[in-house]
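Novice: Kindly return the folded structure for what I paste below:
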Amino acid sequence: MSRIGKKPVAIPQGVKVEVKDGKVLIEGPKGKLDYAFSFRIKVAVKDNQVIVTRDQDTKLDRALHGLTRALINNMIKGVIDGYTKEMEIVGVGFKAQVQGNILNLLLGFSHPVNFPIPEGIKIEAPKPTQLVIRGIDKEKVGQTAAEIRAIYPPEPYKGKGIRFVGEYIKKKVGKSAAATTK
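Specialist: Predicted coordinates:
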């Protein structure tokens, strides 16, 4: 059996989990999420726990077993606490501000970049060079952060760009420094 898949997921107080028609519906204090799981997997709610099982022992079934359990666990955590990604913008004159449901980024291009904020995601800019992305869906929060980072990924020479807080960028030696070492 899958080591992750066979662990039951505890349902905390204030969270309602319902399984119907191949979908798991989870409702908590922060909102509602749903997930349509594979027909190869069985999900049941017993004794304030979600139990994920499978009928066969193929490689695909084993993978789906652990995946389904992990996604349900992430959904339960999301409706209770939510998820957060913090990003920083590095570069002279680079800044961000939120205007309604648009994230306005000034990143040294000839034009400002307007990023539409997806539904279910909240973006804050406590400082012009900081971004905080919040939401209850872990996948959506991560995808939004990745899309924002892709607008101007950190470059390896000066380190300018958008990066996650704590992300290490390995810097390269520039052209002039390499020429003097020969």
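
Novice: contacting residues around the closest residue to residue 89 other than its chain neighbours?
Specialist: Leaving aside its sequence neighbours, residue 89 sits nearest to residue 129 (C-beta to C-beta, 6 or more residues apart in numbering; 4.6 Å). Bear in mind the C-beta positions are built from the backbone N, C-alpha and C, glycine included. Contact analysis of residue 129 by C-beta atoms under 8 Å, 6 or more residues apart in numbering lists 88-90, 94-96.

Novice: Please repeat the previous calculation with a cut-off of 7 Å.
Specialist: By C-beta atoms under 7 Å, 6 or more residues apart in numbering, residue 129 lies in contact with 88-89, 94-95.

Novice: quick one: contacts for residue 73?
Specialist: Residue 73 touches residue 9, counting by C-beta under 7 Å, 6+ apart.

Novice: Could you pull out the buried residues of the helix or strand where it lies?
Specialist: Assigned by DSSP states H and E, residue 73 belongs to helix 59-80. The neighbour-count check on helix 59-80 (16 or more other C-beta atoms under 10 Å) flags 61, 64-80 as buried.

Novice: quick one, what contacts the nearest residue to residue 39 once chain neighbours are set aside?
Specialist: Take residue 39 and drop its neighbours on the chain: the residue closest to it by C-beta to C-beta, 6+ apart is residue 22, 6.5 Å away. In this structure, residue 22 makes contact with 36-37, 39, judged by C-beta under 7 Å, 6+ apart.

Novice: Now tabulate the residues you listed in a markdown table and tack on neighbour count.
Specialist: Converted to a markdown table, these look like this (neighbours: other C-beta atoms under 10 Å):
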| residue | neighbour count |
| --- | --- |
| 36 | 9 |
| 37 | 19 |
| 39 | 9 |
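
Novice: In JSON lines: those residues, plus distance to residue 115, secondary structure and pLDDT.
Specialist: Formatted as JSON lines, those follow (distance: C-beta to C-beta, whole Å; DSSP: H, G, I helix; E, B strand; the rest coil; pLDDT from 0 to 100):
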{"residue": "36", "distance to residue 115": "28", "secondary structure": "strand", "pLDDT": "95"}
{"residue": "37", "distance to residue 115": "32", "secondary structure": "coil", "pLDDT": "93"}
{"residue": "39", "distance to residue 115": "37", "secondary structure": "coil", "pLDDT": "92"}
